[in-house]
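1. please find the sequence and the predicted model below.
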Amino acid sequence: MKKDIHVVGAIIVNNGKILCAQRGPTKSLSYKWEFPGGKVEKGETPQEALQREIKEEMKCNIKVGQQAEHTVYEYDFGIVHLTTFYCGLIDGIPKLTEHVSIKWLPPQELNFLEWAQADIPAVEKVISNFT
Ligand SMILES: Nc1nc2c([nH]c(=O)n2[C@H]2C[C@H](O)[C@@H](COP(=O)(O)OP(=O)(O)OP(=O)(O)O)O2)c(=O)[nH]1
């Protein structure tokens, strides 16, 4: 049986643009674009996990707002349960640490990137929420 992986992703909105992050070559889903975040650990709420992950991987603090989407997607390596939340920056500027590239894009340009498959419903939702 495939393992269930519970993941949170931050849709960080700043000045009308959204932060998109590209996965590195050594990771699963290499070079795909994603919302920064990661796996929820035992005892954490999804919101706590997201704040922790963003602090670790982007060196900034966020406030976590409304849930945008929840998707279950079966990859070959496991079943990802992805919950995305709209977020805002509190302090610091997101920095490139674990990802190979980050971009701030207006919502209508999100579709130009090659997203991880689990993210596609969230991307569509963001586009429709902003247009
Ligand atoms: N952070 C994040 N992960 C996502 C998204 N969409 C998606 O399918 N994923 C997958 C990729 C990973 O398999 C898993 C998140 O794991 P992670 O971010 O904590 O771990 P990782 O990069 O080290 O991944 P891995 O190489 O261990 O699989 O969820 C997304 O938008 N954000």
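-> On my side now, so go ahead.
2. quick check, pLDDT for Thr131.
-> Reading off the per-residue confidence, Thr131 sits at a pLDDT of 81.
3. just give the number of residues close to it.
-> 7 (other C-beta atoms under 10 Å). All C-beta atoms are positioned from the backbone trio N, CA, C, and that covers glycine.
4. list the contacts for it?
-> 107-108 (C-beta atoms under 8 Å, 6 or more residues apart in numbering).
5. relative to the ligand, how far out is it?
-> 21 Å (C-beta to the nearest ligand atom, to the nearest Å).
6. how many residues are close by Pro106?
-> Taking other C-beta under 10 Å as the neighbour definition, Pro106 ends up with a count of 12.
7. avg pLDDT for the lengthiest helix in the chain?
-> Under DSSP state H, the helix in the chain containing the largest number of residues is helix 46-58. Confidence for helix 46-58, expressed as mean pLDDT, is 98.
8. so for the residue nearest in space to the middle of the chain, what's the pLDDT?
-> Nearest to the centroid of the C-alpha atoms of the chain, with distances taken as C-alpha atoms, centre = their mean, sits Phe35, at 1.9 Å. pLDDT for Phe35: 98.
9. quick check: it touching Ile11?
-> Yes. In this structure Phe35 lies within contact range of Ile11 using C-beta atoms under 8 Å: 5.5 Å.
10. give me the common contacts of these two.
-> Residues touching both Phe35 and Ile11 comprise 19, 84, 122, with contact defined as C-beta under 8 Å, 6+ apart.
11. wait, the first one touches Trp104, no?
-> So the one you mean is Leu19. Yes. With contact defined as C-beta under 8 Å, Leu19 counts as touching Trp104 (5.9 Å).
12. count the residues that sit near Ile62.
-> The criterion is other C-beta under 10 Å. On that basis, Ile62 has 24 neighbouring residues.
13. over to the one 5 residues further on?
-> Per other C-beta under 10 Å, the neighbour tally for Gln67 reads 14.
14. just Asn15 next, same as before
-> The local packing count at Asn15 equals 7, with neighbours defined by other C-beta under 10 Å.
15. just use 279 as the starting number from now, easier for me
-> Renumbered: residue one is now 279, and that last one reads Asn293.
16. understood, closing this out.
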